[in-house]
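Participant: no sequence on hand, only this structure:
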């Protein structure tokens, strides 16, 4: 199964609604690695690595996020798989300080 990497920027009501924590649980369930963080402009940004199939599932989840989120747009930048991450984390917490 082919692997890939995708950089996403998600806009809408995506901060203060447990988006990052919920995304981490979803990524762990899908076997997706990478990171996610809040941006100062109110968006959420992440880099996901894994099988192409599971990355599409992760992006599909991001289209709605957790119950209190309201996603307006997701920008995707697909890249070559780098195998850079061993797990998925929230940037600013431990190993995922960016």
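Facilitator: In hand now; what should we look at? Since this is a predicted model, take the numbers as computed values, not measurements.

Participant: just checking, residue 21 touches residue 90?
Facilitator: Yes - the pair formed by residue 21 and residue 90 meets the contact definition of CB atoms under 8 Å, at 7.2 Å. (Glycine included, C-beta is placed from N, CA and C.)

Participant: shared neighbours of these two, anything?
Facilitator: Common neighbours of residue 21 and residue 90, counting by CB atoms under 8 Å, 6 or more residues apart in numbering, are absent.

Participant: tell me which of those two has more neighbours.
Facilitator: Each of residue 21 and residue 90 has its neighbours counted (other CB atoms under 10 Å); residue 90 has more, 16 against 12.

Participant: grab the nearest non-local neighbour of that one.
Facilitator: Residue nearest to residue 90 in three dimensions, not counting chain neighbours: residue 20, with 4.8 Å by CB to CB, 6 or more residues apart in numbering.

Participant: taking the mean pLDDT, what do you get for the strand or helix carrying that neighbour?
Facilitator: Secondary structure assignment for residue 20, by DSSP states H and E: helix 19-30. Averaged across helix 19-30, the pLDDT comes to 97.

Participant: Provide the strand pairings for the helix or strand following that helix, with the direction of each partner.
Facilitator: Next helix or strand after helix 19-30 toward the C-terminus (DSSP H and E): strand 33-38. Strands adjacent to strand 33-38 in the sheet, as given by DSSP bridges, are strand 44-51 (antiparallel), strand 88-90 (parallel).

Participant: contacting residues around the shortest one?
Facilitator: With contact meaning CB under 8 Å, 6+ apart, strand 88-90 is reached by 20-21, 24, 27-28, 32-37, 48, 95-96.

Participant: just the buried subset of the residues you listed, please.
Facilitator: Among those, those classed as buried by 16 or more other CB atoms under 10 Å are 20, 24, 27, 32, 33, 34, 35, 36, 37, 48, 96.

Participant: looking at those residues, which one is closest to residue 57?
Facilitator: residue 32 (8.3 Å; CB to CB).

Participant: quick one: that closest one and residue 46 touch, right?
Facilitator: No - between residue 32 and residue 46 there is no contact under CB under 8 Å: 9.7 Å.
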